[in-house]
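Let me see the structure of the following:
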Amino acid sequence: MISDELVAVSESTARELLVDLVSIPSPSGDESTCATRLVDFFETHDREVWIDSIGNVHSPGDDGVLLTSHLDTVPGQRPVKVEDGTLWGRGSVDAKGPLAAMAVASVTTGASFVGVVREETDSAGAHQLIQHRDPPAALINGEPSGWDGITLGYRGAVHGTYHTSTTAGHNTEPMPNAIETALSWYQAVSPTGSEDNDNQFEQVSVTPLSFDGGLSDAGTAMAATIEFECRLPPGVEPASLMADLDANATDASITWGQPIPPVMMDARNSVATALRGSIREIGGAPRMLRKTGTSDMNVYATGWDIPMATYGPGDSTLDHAPDERLPLDAFDRSITVLESTATRLLSGDNQ
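Alright, predicted model coming up:
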């Protein structure tokens, strides 16, 4: 049921919340000040709100739909300014635009809300949620899709560290040293990519994140280490990919992080259907998207068998970019779409 005591939020108040959140630096692991600003917003609008042990901000409401986005950003604060109707600053797109829009829509519709931490690193906030919270009936995850876009799929991810070593010898010896071995391994396992986004989504990618190599301090061994990240599409099991890369790591070892499985939602599920109807309602032409990256929706889909989709204002090509920016009119429209979508889901009218 939708609450009879819903509260209106003015456009100026919504924009003020957005600007404040973007103005507060919140790199992963340091989201507490941003969380406090969200708490103030919900308390000002007479909503119950609390912060859990890991730092997630909860404002319980009607669990017919949960609106959730993340508080954290990648490092590197940028000057915050509003110029010609556009907000510039770190996190304006990824993902404080979606976060602020969802907070406003939660207040105006009565839907449940959670702002989660550490999406940009280990998704600890999302993991905490699926472990300690009952599943809602439906979920909208907040990430930039454009106000008229709906994201249904993300590739999975797994981090690895490759390490190999060889006995030190003269540079002219015919046997490859550890650095050569490591570079050969990477070249062998790294698929040739595609510039086409749809093709990229269907491909496995192996991307190096850092490299370290050289002679040991004692001068007795040559060592090389590659930190890398794999992205994998639906249909590729993380365990299978990890086993294949392990098999190619002759005379080397790989230490693996916790894998995140890929996700692909049905375009006909209730959340996607309600979002499409709400976008059309204000004159938009809905776009169905698949992203080559990974989001907290991957985590939610592993723990909760419920309809879900990802939505939020902003151009995702500006994620983490030095010129990250969000047009305020797109932010306003996204609030309208979220309000309409939440109302449809809470009332059972998903058309």
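
In the stretch 51-200 of the chain, mark out all the helices, start to finish.
For the stretch 51-200 of the chain, helices defined by DSSP state H, counting those that start in this stretch occupy the ranges 96-109, 124-132, 178-189, 197-201.

and these, which is most packed in?
With neighbours defined as mean count of other C-beta atoms under 10 Å, the helices of the stretch 51-200 of the chain peak in mean count at helix 96-109, which reaches a mean of 29. Just so you know, the C-beta spots here come from the backbone N, C-alpha and C atoms, and that holds for glycine as well.

Can you tell me the centre-most residue of the protein?
Of all residues in the chain, the one closest to the mean position by C-alpha atoms, centre = their mean is Ser295, 3.0 Å from it.

That one and Tyr154 touch, don't they?
Yes. Using C-beta atoms under 8 Å, Ser295 makes contact with Tyr154 at a distance of 5.3 Å.

Between these two, which contacts overlap?
Common contact partners of Ser295 and Tyr154 (C-beta atoms under 8 Å, 6 or more residues apart in numbering): Thr310.

Run a quick neighbour tally on Ala239.
12 (other C-beta atoms under 10 Å).

Could I have the CA atoms of stretch 55-63 written out in PDB?
C-alpha atoms of stretch 55-63 as PDB (Å, rounded to 0.1, in the frame of the first residue of the first chain):
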ATOM      1  CA  GLY A  55      27.600   2.800   6.700                       C
ATOM      2  CA  ASN A  56      24.600   2.100   4.500                       C
ATOM      3  CA  VAL A  57      21.700   4.700   4.900                       C
ATOM      4  CA  HIS A  58      18.300   3.000   5.300                       C
ATOM      5  CA  SER A  59      15.000   4.800   5.100                       C
ATOM      6  CA  PRO A  60      12.300   2.000   5.300                       C
ATOM      7  CA  GLY A  61       9.100   2.500   3.500                       C
ATOM      8  CA  ASP A  62       6.800   0.400   1.300                       C
ATOM      9  CA  ASP A  63       8.900  -2.600   0.200                       C
END
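
Roughly how far does Ala239 sit from Asp246?
The gap separating Ala239 from Asp246 is 10 Å, by C-beta to C-beta, to the nearest Å.

scratch that, Leu129 is what I was asking about
Counting by C-beta to C-beta, the gap from Leu129 to Asp246 is 32 Å.

Ala267 now?
36 Å.

low-confidence ranges in the stretch 201-350 of the chain?
217-219, 350 (pLDDT under 70).

the strands in it, which residues?
205-215, 221-232, 252-256, 263-264, 287-291, 308-312, 325-327 (DSSP state E, counting those that start in this stretch).

buried ones in the third one?
Just to be clear, that refers to strand 252-256. Going by neighbour count (16 or more other C-beta atoms under 10 Å), the buried part of strand 252-256 is 252, 254.

packing partners for it?
Under the contact criterion of 3 or more C-beta pairs under 8 Å, 6 or more residues apart in numbering; DSSP states H and E, strand 252-256 touches strand 156-167, helix 178-189, helix 238-248.

change it to 7 Å
The contact analysis (3 or more C-beta pairs under 7 Å, 6 or more residues apart in numbering; DSSP states H and E) places strand 252-256 against strand 156-167, helix 238-248.

out of those, nearest to Val9?
strand 156-167 (35.3 Å; C-beta to C-beta).

now do the same end-to-end measure for stretch 89-97.
Taking C-alpha to C-alpha, to the nearest Å, stretch 89-97 runs 11 Å from one end to the other.
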